[in-house]
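> here is a sequence with its predicted model. Questions after.
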Amino acid sequence: MKVIIYEKNTEFFYPLTNLFPQFNLRIGMKSIAENIKYYFAGLKVDYIGRDIFKFKKLNTKKPSLYLSGQCIITKKIDFPKEEAKFLIGSKPVGFIKYKPPFPNSLKEIDKILKTIKRTHKLSGFILNNICDLIKYNEPMMIHHFKMNTMKSKVIKEISIIGNRKNVYVAKDAIIYNLVCIDVSEGPVYIDKGAVIRPFTTIIGPSYIGPGTIVDRAKIIKSSIGPVCRIGGEVEASIFQGYSNKCHEGFMGHSFIGEWVNLGALTTNSDLKNNYGIVRVSYGKKRIDSGMIKLGCFIGDHTKTGIGTLIPTGAVIGSFVNFFGGGMMPGFVPCFKWLTAEKQEDYKIEKAIAAAKTVMERRNMKMSKQYEDLIRISYKWRNLS
């Protein structure tokens, strides 16, 4: 038996899935794929995604379990003895096949799903769109903390509010004096190589990823991925990784992609003045989030200048460069260079050159495949 994780309805996760597969999105302390793999330790895992990612073409010939990248499972699956479609609630999220044909593409998966009649219920929930990443992030941090079996480093110098058992600090993480960790409402996990500098408060549930530096910050119920630089106030948000918010300013109920730089005093709104339900814009399309508190979604390699203000429910594409301060539009397509008054296309060669420089500052070299993905994304910029 092997497990195959596949992409599904990726258009509802724009712009966060422009440059990496849907199942690599972060929620809680793990990616979607890492959460699935946890429940199938010892089994081989393969992936099926959009053609742009050039996954190795599968030629599956043995019994396989297929799960969608929209699927967040929270309990171990009892394998049905016969072919069955997996459901969370009433919605299909995958299937198990014991006999050929075994699908090896997204089209084949959709076709097989329609033919399977027997059903099998799973425990978990479905990510319908980008809003659900924020909606479920807090409970997933708590869930993932419970999976941890490693022993925490003992830190006596810091102030801990609540039960110390709800704090995990990796052995090589560094936490300075004058740091406060509050676990009265949920656990805090500080991963390997993270650095927490003085005058920082972390309120759980929160996750600080490998190599991330937190300096004079207030982090509330947030998941910060690897190699980020965080200052100011962050609440109920997700940073995918490799992004900077070094200065004062507020980021709340938001998802920040990779290689993003938020200039000093960049601040978003996560609550409408009338306390109404937030709707998220995709150009002319709008999604009703069902949530009263929801901030913004920022794609990879986007930069904001000092004094940037971001409206409630904003969707900002990849490779957006906003400068001059003031209020950003509620929707900005990919590859735009703009102020509050005007905008123009961000030239592709300049965008790639800037991205290479940014990545080199983290000792990472842009691969040919990644550059090709950027160029493909550029061709799609007017289809948003």
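Structure received. Numbers count the residues shown, from 1 in each chain.

> pLDDT at Cys246, what is it?
With respect to pLDDT, Cys246 has a value of 97.

> Val320 is in contact with Thr302, isn't it?
Yes: contact criterion Cβ atoms under 8 Å: Val320 and Thr302 qualify, at 4.3 Å. The way it works is simple: take the backbone N, C-alpha and C, and place the C-beta from them, glycine included.

> nearest residue to Ile116 in space, please, no chain neighbours.
For Ile116, ignoring the flanking residues on the chain, the nearest one in space by Cβ to Cβ, 6 or more residues apart in numbering is Lys85 at 4.3 Å.

> now do the contacts for Asn35.
27-28, 72-73, 140, 144 (Cβ atoms under 8 Å, 6 or more residues apart in numbering).

> give me the residues contacting stretch 275-295.
Counting by Cβ under 8 Å, 6+ apart, 12, 14, 129-131, 134-135, 236-237, 251-254, 268-272, 297, 310, 312-315, 330-331, 333, 384 sit against stretch 275-295.

> can you flag the buried ones in these?
Listed as buried from the contacts of stretch 275-295 are 12, 14, 129-131, 134-135, 236-237, 251-254, 268-270, 272, 297, 310, 312-315, 330-331, 333, 384; burial here means 16 or more other Cβ atoms under 10 Å.

> I figured Phe23 hits Ile5, correct?
Yes: using Cβ under 8 Å, Phe23 makes contact with Ile5 at a distance of 5.1 Å.

> list the buried residues in stretch 60-77.
For stretch 60-77, burial by neighbour count (16+ other Cβ under 10 Å) applies to 60, 64-73, 77.

> for these, which two are the farthest from each other?
Thr60 and Ile72 (23.9 Å; Cβ to Cβ).

> so where does the residue lying closest to Asn104 once chain neighbours are set aside fall, helix or strand?
In this structure, Asn104 finds its nearest non-sequential neighbour in Leu58, 4.4 Å apart by Cβ to Cβ, 6+ apart. Assigned by DSSP states H and E, Leu58 belongs to neither a helix nor a strand.

> quick one, phi psi at Leu58?
Dihedral pair for Leu58: phi -90, psi 150, per degrees, to the nearest 10.

> that one: neighbouring residues, count only.
When neighbours are counted by other Cβ atoms under 10 Å, Leu58 registers 16.

> give the contact list for it.
Counting by Cβ under 8 Å, 6+ apart, Leu58 makes contact with 4, 46, 48, 104.

> if anything else comes up later, I'll come back, but that's it for now.
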